[in-house]
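**Q** any chance you could fold what I've pasted below:
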Amino acid sequence: MKKVDHLGWVAGFALKSYGVRIGVRSNDAAALDRACEFLPAGWQKSTTPVVERVYSIMVGGAGPRPNVRRFSLLYGDHLRITRSTNLDDVFDRFESDLRLFVGEFAPHRVFVHAGVVGWKGKAIVIPGRSYSGKSTLVAALVRAGATYYSDEYAVFDSKGFVHPFAKPLEIRAEGEFKQARVTVGELGGKSGTKPLPVALVLMTGYKRGATWRPRKLSAGKGVLEMLFNTVSARRSPEKALSTLRQVTKQAEVLKGTRGDTTAVVDALLRRMDRIAERG
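**A** Numbers count the residues shown, from 1 in each chain. The predicted structure is shown next:
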């Protein structure tokens, strides 16, 4: 850490996000303003001298010779996370690593890799890692009138309610690696602001031509499936299990392969309507 400390940082600040204390510093004060664009929604500046992780952003630029550029670097504590001649790539890694760190260490929340939408006062949670197609399904649900909560993490409190994790959706076109950021407004939708009880947990993956025939899982199997996608499962297994049991206590848990997105969206919203009618 001493080697990183001596690299020439000129400015920095501390913040708190979901109860996790983070430090950010750079060799370029202007980079700190940009870093704020990549912080989780609801973050607050902090005056604490003690943080749980320090991110150090070294902005590169022109090298000592023509046609030579210095790398921009990102450190998490003493470890180099990435280097690139493209500063945008460094900020993308900063954003994803910070979210993951906050998700693992948040003292009063459990983060699950999942998409989330609301429908008539209750939530649909779609657990899944990258490339599972959850963002595409979330976007389709929002276009159909569902309220957007998240396309990356379901953030649960100890009662099993899911909270908004506000950010643009990151949608990958079929066959493409690069994601495009899309705001909920561009989809014609709106974002939720209040925590919701979960009515439906959906374990699904996309397969071209598949017919939507989900099977219902028990609450216990639902917990295990969600645990696989829980950021803090290894660090705080008891808290994760307790919270996920609360989530599945009242929720239906479905698992199935999906094909045509429109057919799946229609089926899910009809199911949610029946749940709402039962109260």
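**Q** residues near residue 155, how many?
**A** 24 (other CB atoms under 10 Å). Just so you know, the C-beta spots here come from the backbone N, C-alpha and C atoms, and that holds for glycine as well.
**Q** make sure it is indeed in a helix.
**A** No. The assignment for residue 155 (DSSP: H, G, I helix; E, B strand; the rest coil) gives strand, which keeps it out of a helix.
**Q** isn't it right next to residue 113, touching?
**A** No. With contact defined as CB atoms under 8 Å, residue 155 and residue 113 do not form a contacting pair (11.2 Å).
**Q** I'd like the average pLDDT over the helix or strand where residue 264 lies.
**A** Residue 264 is part of helix 261-278, with elements assigned from DSSP states H and E. Per-region confidence: helix 261-278 scores 93 on mean pLDDT.
**Q** what do you get for stretch 78-93?
**A** The model assigns stretch 78-93 a mean pLDDT of 95.
**Q** swap in stretch 32-42?
**A** 94.
**Q** only alpha carbons, please: show that stretch as PDB.
**A** Taking Å, rounded to 0.1, in the frame of the first residue of the first chain, the C-alpha atoms of stretch 32-42 are listed here in PDB:
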ATOM      1  CA  LEU A  32     -13.000  13.100  -9.100                       C
ATOM      2  CA  ASP A  33     -15.900  15.000 -10.500                       C
ATOM      3  CA  ARG A  34     -16.300  12.400 -13.200                       C
ATOM      4  CA  ALA A  35     -15.900   9.600 -10.700                       C
ATOM      5  CA  CYS A  36     -19.000  10.900  -8.900                       C
ATOM      6  CA  GLU A  37     -21.100  10.000 -12.000                       C
ATOM      7  CA  PHE A  38     -20.300   6.300 -11.400                       C
ATOM      8  CA  LEU A  39     -21.200   6.100  -7.700                       C
ATOM      9  CA  PRO A  40     -24.300   4.100  -6.500                       C
ATOM     10  CA  ALA A  41     -27.400   6.200  -6.200                       C
ATOM     11  CA  GLY A  42     -28.000   7.600  -2.700                       C
END
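**Q** list the buried ones in it?
**A** 32, 34, 35, 38, 39, 40 (16 or more other CB atoms under 10 Å).
**Q** swap in stretch 233-240?
**A** Applying 16+ other CB under 10 Å to stretch 233-240 flags 233, 236, 239, 240 as buried.
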